[in-house]
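Chemist: Dropping the sequence and predicted coords here.
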Amino acid sequence: MVRTENDSWEITESVGATALGVAAARAAETESDNPLIRDPFARVFLDAAGDGVWNWFAAPQLPQELLDAEPDLPVQMQSMVGYMASRTAFFDTFFLDAARAGVSQAVILAAGLDSRAWRLPWPDGTTVFELDQPRVLEFKSSTLTERGHEPTCARVAVPVDLRHDWPAALRQAGFDPSLPSAWSVEGLLPYLPAAAHELLFERIQSLTASGSRIAVEAPGPDWMDPDVRAQQRERMERMRALLAKADPEREVPRTEELWYFEEREDVGDWLRRHDWEVTVTPSADLMASYGRGIPDGIEDTSPRSLFVSAVRT
């Protein structure tokens, strides 16, 4: 699906479908023998949405023709599940550490099917603001409410496109910029043009008091490397062609078609320039710390992201 300036989507379309893909990875990790994270709501969302391209990571056995051509694929897919599990654990820990330190306002940008407002043990008095497209938030809340699930905090949905005046909507929803807050930017930046990326952080800066915290999943140093992109694109197209012959009913997601490959400032550098104390962890190091590293001799196809955490001084 081609992106346009003010495009919107249902949960099963465009960027919305990627939220279901991430939920599929969380479901696969939750249902594994030794899960790093537990998200019982991920499977609820998948069941509500039905079958689709987003079920790639939670799919049954792959066709033998595909395995013969790509024998490392099962391990690489498991590595991608491990990446998503590590990412989830990183942001879970970030929010709980902030809450224990007395930060009572949490802001989840592009919340998608993030279920932290329902599954984390938030301290009393915590308010979690979730910002995303109206139809995405409605799908999530209605799906969980209809099944009797209630948030574990004061959850406030802020239905707004992040390319519009979301700071005004956030304030109107009760957010107090004079108090410390904790922010997550997870699975978002590749879907923003460079100008919107810059504006996003300028707006966060204007809304954060001293002592506020932020955690970001940021593009890595090879984000704009044409050789890396060409290699990834060639491999994915080869897999799509093989799968189309072996199992025409299944499809490999085309997430990269929704991304904006534009030059942008390194997130850690930007935050340091604006008086934040910054820690940066490459995704490979994060995964290894959680025991989710890829075995030797297997090509690592998981994202080469940077996980940034920072405190405003």
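Modeler: Right, received. Where do you want to start? Numbering: from 1, shown residues only.
Chemist: leaving aside the residues next to it on the chain, what's closest to Ala154?
Modeler: Excluding the flanking residues, the one nearest Ala154 by CB to CB, 6 or more residues apart in numbering is Thr127, at 4.4 Å. (Each C-beta comes from the backbone N, C-alpha and C, glycine too.)
Chemist: residue contacts, that neighbour?
Modeler: Contacts for Thr127 (CB atoms under 8 Å, 6 or more residues apart in numbering) come out as 104-106, 153-156, 174.
Chemist: Which stretches in the stretch 151-300 of the chain count as strands?
Modeler: In the stretch 151-300 of the chain, the strands defined using DSSP state E, counting those that start in this stretch lie at 154-159, 182-185, 213-218, 276-282.
Chemist: What helices and strands are in contact with the longest one?
Modeler: When contacts are defined as 3 or more CB pairs under 8 Å, 6 or more residues apart in numbering; DSSP states H and E, strand 276-282 sits against helix 267-273, strand 306-312.
Chemist: Can you check which of these gets nearest to Glu256?
Modeler: Nearest to Glu256 among those is strand 306-312; the distance by CB to CB comes to 18.3 Å.
Chemist: Kindly reformat the strands of the stretch 151-300 of the chain as TSV containing mean neighbour count, distance to Thr93 and mean pLDDT.
Modeler: Formatted as TSV, those follow (neighbours: other CB atoms under 10 Å; distance: least, CB to CB, whole Å; pLDDT from 0 to 100):
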stretch	mean neighbour count	distance to Thr93	mean pLDDT
strand 154-159	18	20	98
strand 182-185	24	11	98
strand 213-218	24	9	98
strand 276-282	15	12	98
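Chemist: if we can go back for a sec, any idea how far the residue nearest to Ala154 is from Ala110?
Modeler: 18 Å (CB to CB, to the nearest Å).
Chemist: Same check on Gly148?
Modeler: 27 Å.
Chemist: Surely Trp118 and Glu150 touch.
Modeler: Yes. Counting by CB atoms under 8 Å, Trp118 does reach Glu150; the two are 7.4 Å apart.
Chemist: where along the chain do the helices fall?
Modeler: 14-30, 40-49, 64-69, 73-100, 116-119, 134-146, 166-172, 194-207, 226-246, 267-273, 283-289 (DSSP state H).
Chemist: which residues of the stretch 201-313 of the chain score low on pLDDT?
Modeler: Scanning the stretch 201-313 of the chain for pLDDT under 70 picks out 242-255.
Chemist: okay but Ser184 is in contact with Val107, surely?
Modeler: Yes. Here Ser184 lies in contact with Val107, judged by CB under 8 Å, at a distance of 7.3 Å.
Chemist: how about CSV for the contacts of Thr127, with distance to Leu200 added?
Modeler: Below are the contacts of Thr127 laid out as CSV (distance: CB to CB, whole Å):
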residue, distance to Leu200
Ser104, 23
Gln105, 18
Ala106, 17
Cys153, 24
Ala154, 24
Arg155, 22
Val156, 20
Gly174, 21
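Chemist: Would you mind checking which of these is nearest to Gly82?
Modeler: Ala106 (25.4 Å).
Chemist: in stretch 159-173, what counts as buried?
Modeler: Residues of stretch 159-173 classed as buried by neighbour count (16 or more other CB atoms under 10 Å): 159-162, 166-167, 169-170, 173.
Chemist: Now tabulate those residues in a markdown table and tack on distance to Thr301.
Modeler: Shown next, in a markdown table, are the buried residues of stretch 159-173 (distance: CB to CB, whole Å):
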| residue | distance to Thr301 |
| --- | --- |
| Pro159 | 35 |
| Val160 | 34 |
| Asp161 | 31 |
| Leu162 | 28 |
| Trp166 | 33 |
| Pro167 | 37 |
| Ala169 | 37 |
| Leu170 | 36 |
| Ala173 | 39 |
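Chemist: how about stretch 256-275: buried residues?
Modeler: For stretch 256-275, the neighbour count (16+ other CB under 10 Å) marks 258-259, 264, 266-268, 270-271 as buried.
Chemist: what residue ranges in the stretch 1-150 of the chain are flagged as low confidence?
Modeler: Checking the stretch 1-150 of the chain against pLDDT under 70 turns up 1-16, 52-63, 66-67, 69.
Chemist: hmm, 50 instead?
Modeler: 2-3, 9, 13 (pLDDT under 50).
Chemist: Just the CA atoms of stretch 20-30, as PDB, please.
Modeler: Extracted as PDB, the C-alpha positions of stretch 20-30 are listed here (Å, rounded to 0.1, in the frame of the first residue of the first chain):
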ATOM      1  CA  LEU A  20      -1.100  -7.300  14.200                       C
ATOM      2  CA  GLY A  21       2.200  -8.700  12.900                       C
ATOM      3  CA  VAL A  22       4.000  -7.500  16.100                       C
ATOM      4  CA  ALA A  23       1.100  -9.000  18.200                       C
ATOM      5  CA  ALA A  24       1.700 -12.300  16.300                       C
ATOM      6  CA  ALA A  25       5.400 -12.300  17.300                       C
ATOM      7  CA  ARG A  26       4.400 -11.500  21.000                       C
ATOM      8  CA  ALA A  27       1.900 -14.400  20.900                       C
ATOM      9  CA  ALA A  28       4.500 -16.800  19.500                       C
ATOM     10  CA  GLU A  29       6.900 -15.800  22.300                       C
ATOM     11  CA  THR A  30       4.200 -16.000  25.000                       C
END
